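**Q** Fold the following.
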Amino acid sequence: MPLIPTTRRQFLYRSAAAGTLAMAGDSLLLEPNHPHIVRQDFWLPRWPERMNGFTIALLSDFHYDPYFSIYPLHAAIPLVNGLRPDLIVLTGDFVSVPLVEDDAKGAFAAEPCARVLRQMTAAHGLWAVMGNHDAETGPEHVARALQAENIHVLANQSVAIERDGTRVWLAGINDVLSGTADLANTLHGVPTGEAVILLAHEPDFADEASRFPIDLQLSGHSHGGQVRIPLLPPLYLPAMAKKYILGTYHVGRLTLYTNAGLGTVGVPVRLNCPPEITLLTLRSSAGRYAG
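**A** Alright, predicted model coming up:
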């Protein structure tokens, strides 16, 4: 049977179609399920030198479900434990607001999510704050589920993290979009001059946080854009995540890091924005450039 010649235009159309299918398959089947480890070193002026090299694993936006987001979450557990972080922080959205059911039903996913997360270990424990999906479905229910698995929840609170005879402070606020975040109350009792790490689900809160004596803010919420088409801005960004979308920013004296999240919301697709585990290593900037 003779071969039917392919014109250049047909070849280009077929190549484009094949590329589109391959990209769609990757964004649906591969990229959402394979977390990447992103390593970041930060030098902070108030960080105590005796805690140089302190490591924090940052994870966010789990949006637990038994069909899609469960896979990157399970994949993340051995990766995080292999990093042997000193501290693990979880910056919200453990569950999702249901698309069609009553919002409160979304909180029921908190228990299975917490049972997976408890498999991670760190010398200074696991600490969490609520996200907007948690706040809209039932923050008390989500917090109880986490605390039952020994995951500490900070609700406008600060705690001291101590090592080698010195300490820093870990602060966590309620979800900003819920209208219940109270940073002044959160920092009440934190001594002047001691380093503070703030957990805040929404990254754009950094504009407000920069007015306070905070060294580092850790956030999620944006999903890094989730779908990032080259040369175009992210297709969708939620409120309070339109400015500081992904990665490191400096807002006044405040350093901010926005994590791309593990799960997905809406369509279970990621493109050019894989799920992320961030390993942060913190050091004192005092004397960094000396000599």
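**Q** quick one: the spatially closest residue to residue 265 that is not a sequence neighbour and residue 183, what's the gap?
**A** Spatial nearest neighbour of residue 265, chain neighbours left out: residue 63 (5.2 Å); criterion: C-beta to C-beta, 6 or more residues apart in numbering. Backbone N, C-alpha and C define where each C-beta goes, glycine included. Look at residue 63 and residue 183: by C-beta to C-beta, to the nearest Å, they are 26 Å apart.
**Q** Show me which of the two is the more surrounded one.
**A** Higher neighbour count among residue 63 and residue 183: residue 63, with 27 against 20, using other C-beta atoms under 10 Å.
**Q** Find the nearest non-adjacent residue to residue 105, please.
**A** Counting by C-beta to C-beta, 6+ apart, the residue nearest residue 105 is residue 98, at 5.7 Å.
**Q** Correct me if wrong: that neighbour contacts residue 107.
**A** No - under the criterion of C-beta atoms under 8 Å, residue 98 makes no contact with residue 107, lying 9.9 Å away.
**Q** what is in contact with these two at once?
**A** Contact criterion C-beta atoms under 8 Å, 6 or more residues apart in numbering; residues shared by residue 98 and residue 107: residue 137.
**Q** now the closest residue to residue 285 other than its chain neighbours, what's its secondary structure?
**A** Using C-beta to C-beta, 6+ apart and skipping the chain neighbours, the partner closest in space to residue 285 is residue 43 (3.7 Å). At residue 43, secondary structure determined by DSSP: H, G, I helix; E, B strand; the rest coil is strand.
**Q** For residue 198, see how far away residue 43 is.
**A** With distances taken as C-beta to C-beta, residue 43 is found 18 Å from residue 198.
**Q** When the two are compared, which one has more neighbours?
**A** Neighbour tally, residue 43 and residue 198, criterion other C-beta under 10 Å: the higher count belongs to residue 198, 27 against 15.
**Q** what's near enough to touch that one?
**A** 171-173, 183, 186, 209, 214, 216-218.
**Q** show me what contacts the residue nearest to residue 265?
**A** 69, 93-96, 133, 261, 263-265.
**Q** Please flag which of the residues you listed sit within helices.
**A** Counted as lying in helices by DSSP state H, out of those, are residue 133.
**Q** any idea which of the contacts of residue 63 is the one closest to residue 56?
**A** residue 261 (16.4 Å; C-beta to C-beta).
**Q** what's the neighbour count on the closest residue in space to the closest one that isn't next to it in sequence?
**A** Of all residues beyond its chain neighbours, the one nearest residue 261 is residue 61 (3.0 Å), with distances taken as C-beta to C-beta, 6+ apart. By the measure other C-beta under 10 Å, the count of residues near residue 61 is 29.
**Q** Tell me where this structure has strands.
**A** 36-44, 54-59, 87-90, 126-128, 151-153, 157-163, 166-172, 196-199, 216-219, 247-251, 254-258, 276-284 (DSSP state E).
**Q** Including mean pLDDT and distance to residue 78, could these go into TSV?
**A** Formatted as TSV, the strands of the chain follow (pLDDT from 0 to 100; distance: least, C-beta to C-beta, whole Å):
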stretch	mean pLDDT	distance to residue 78
strand 36-44	98	12
strand 54-59	98	12
strand 87-90	99	14
strand 126-128	99	16
strand 151-153	98	18
strand 157-163	98	25
strand 166-172	98	25
strand 196-199	99	24
strand 216-219	99	22
strand 247-251	98	25
strand 254-258	98	23
strand 276-284	98	11
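**Q** just so I know, which of the ones you listed lies nearest residue 114?
**A** Nearest to residue 114, of all these, is strand 151-153, at 6.2 Å by C-beta to C-beta.
**Q** quick one: that closest one to chain centroid distance?
**A** A distance of 16 Å separates the centroid of the chain from that of strand 151-153, by C-alpha atoms, centre = their mean, to the nearest Å.
**Q** could you say what helices and strands that strand packs with?
**A** Secondary-structure packing of strand 151-153 (3 or more C-beta pairs under 8 Å, 6 or more residues apart in numbering; DSSP states H and E): strand 126-128, helix 139-148.
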